[in-house]
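> Just the structure for this:
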Amino acid sequence: MLIEFSVKNFLSFKDKVTLSMEKGNGDENLENIITNNNIELLKTAAIYGANASGKSNVLKALTCAILMVRNSNLIPIGGKWNFIKPFLFDEDSKKMPSEFEFVFIANNIKYRYFFSADENKVYEESLDAYYTQKPTNIFTRKDTNIYEFNNDKNKLESLAANNTENKLFLATATTWNYDKTKNAYLWFTTAIDTYNSFDNIETKDLIDYSNKDENLKEFALKLLKEADILIKDISVDYEEKEMDNAMLDMLVPPLIKNAKKIKAQNVNIELEHEVIDKDNKKHTYKLNFTEESSGTKVLFAFAPFLKRAFEKTKVIVVDELERSMHPALVEFIVKLFNNKAINKANSQLIFTTHATNLLNLDILRRDQIRNKKKNPNNGISELYPLDSFSVRKDENIQKGYINGRYGAIPFIKDIDLWLEDK
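Alright, predicted model coming up:
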């Protein structure tokens, strides 16, 4: 479970900003709260803001940090982390490393993990575990190659000798079977995922359906039915075969082609619709997945991710959740996560959105709504919760947001003024 994530000097974040999933004040919508290790956490968080305000940069920062942990063992000596981009509208900031910090719970243990890095190397890194109320430092790294260890010093020093300046020690230590970093590392590799919406469906997004999993099929059909999309049945044909030489020559570089056999994957899915004719007779018709509406495709592709989240604790982060979906479907998905009978694993959903129908205090608590704004003078983004304002429990926050009371909306000139500028 994510407790909080902080980022500094990355894209539009010059100063440190924190996305906290801890419960704020207020006793409304308590079903939207998880309690773990005596910490009360939010199940969902919605991030609002104008276009170009930096909403998506929250997701990019999370993705950057997660990918660095996951791929640290794969980067070669001298390799660059090309997706690390500091704040560029300041002469000092663009020369400094970016900073990332996670506070999270893995296997019922609270951890704090921090690192700073630029595209060339890691400068600082530390991991603390909270076996009790006080933190126990597992390791601290300073000035890239200086390490401090309070326990298992001989073993960790030998592991540090195998690390390189562009690799994260968290990954290196875990790879060499150091058990006290394992839980934290596995949280990054298995318990948190980011998605750039679900509107661009590819074959890889549908591979789960090729396993002939009846439970997944049943879950997807129920999800579609609850969303008022009446699909009677699903049929799946999956094919994986080696690409022929002509296709290989067109698509695959020679070195890769010679290194290993390349396989093409194809998932063909048909959805069966039941209709009633004018004589009240039932008929079934099959449509290929490619012929379905955008909303049907998105929910269908999203179903495996939802099923896994409701079975095992995960953090799912999605940019523009409402893209290609009706606002009512977005509300439906948010309610699934907030429902303790459905979200039994207490997974968390964090998403950016423009869907103002969710700005309803019967759906989301005040601390679950975050606003994102960018200073037009210096390009610096800020992130702040709705409960930082004096918002009444009975307030129409949708109206207040649209009217600009909480910020995070674009300042648009009057058309007459725009014409005068011409």
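> my read: residue 343 touches residue 335, true?
No - using CB atoms under 8 Å, residue 343 makes no contact with residue 335, being 9.7 Å away. Heads up, the C-betas are built off the backbone N, CA and C, glycines and all.
> higher neighbour count, those two?
Between residue 343 and residue 335, residue 343 has the larger neighbour count (other CB atoms under 10 Å), namely 22 against 17.
> So that one versus residue 359, what's the distance?
21 Å (CB to CB, to the nearest Å).
> pLDDT weak spots in the chain?
50-54, 197-205, 239-265, 324, 372-377, 382, 384-422 (pLDDT under 70).
> Kindly recompute the last result at 80.
Across the chain, residues meeting the criterion (pLDDT under 80) sit at 26, 49-55, 196-207, 209-213, 226-230, 237-267, 293-295, 322-326, 354-355, 370-422.
> Where do the domain boundaries of it fall?
1-197+319-422, 198-317 (automatic domain parsing).
> Pick the most buried one from these.
Of all the domains of the chain, domain 1-197+319-422 has the most neighbours on average by mean count of other CB atoms under 10 Å, namely a mean of 17.
> ranges for the helices of the stretch 51-200 of the chain?
55-71, 153-160, 169-175, 179-186 (DSSP state H, counting those that start in this stretch).
> Would you mind saying which of those lies nearest residue 305?
Comparison of these against residue 305 by CB to CB identifies helix 55-71 as nearest, at 15.2 Å.
> Residue 1: which of the helices of the stretch 51-200 of the chain is closest?
Going by CB to CB, the one of the helices of the stretch 51-200 of the chain nearest residue 1 is helix 179-186, 12.7 Å.
> And the helices in the stretch 301-422 of the chain?
So, for the stretch 301-422 of the chain - with DSSP H, counting those that start in this stretch - the helices run 327-338, 397-402, 415-421.
> so what does the first one touch, helix or strand wise?
To tie it back to what came earlier, the one meant is helix 327-338. For helix 327-338, the packing partners by 3 or more CB pairs under 8 Å, 6 or more residues apart in numbering; DSSP states H and E come out as strand 44-49, helix 294-311, strand 348-352.
> you'd agree residue 45 is up against residue 366?
No - using CB under 8 Å, residue 45 is not in contact with residue 366, being 11.6 Å away.
> How about residue 64: what's its closest non-neighbour residue?
residue 83 (5.3 Å; CB to CB, 6 or more residues apart in numbering).
> ok, back up a step: arrange the helices and strands packed on helix 327-338 in CSV, one row each, with distance to residue 35 as further columns.
Formatted as CSV, those follow (distance: least, CB to CB, whole Å):
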stretch, distance to residue 35
strand 44-49, 16
helix 294-311, 18
strand 348-352, 13
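> and of these, who's closest to residue 72?
Taking CB to CB, strand 348-352 is the member of the helices and strands packed on helix 327-338 nearest to residue 72, at 23.5 Å.
> List the pairing partners of the closest one within its sheet, with orientation.
Its sheet considered, strand 348-352 pairs with strand 44-49 (parallel), strand 315-318 (parallel) by DSSP bridges.
> who's in contact with it?
For strand 348-352, contacts defined as CB atoms under 8 Å, 6 or more residues apart in numbering pick out 1-2, 19, 21, 34, 41-49, 55-56, 58-59, 309, 314-321, 333-334, 337, 372.
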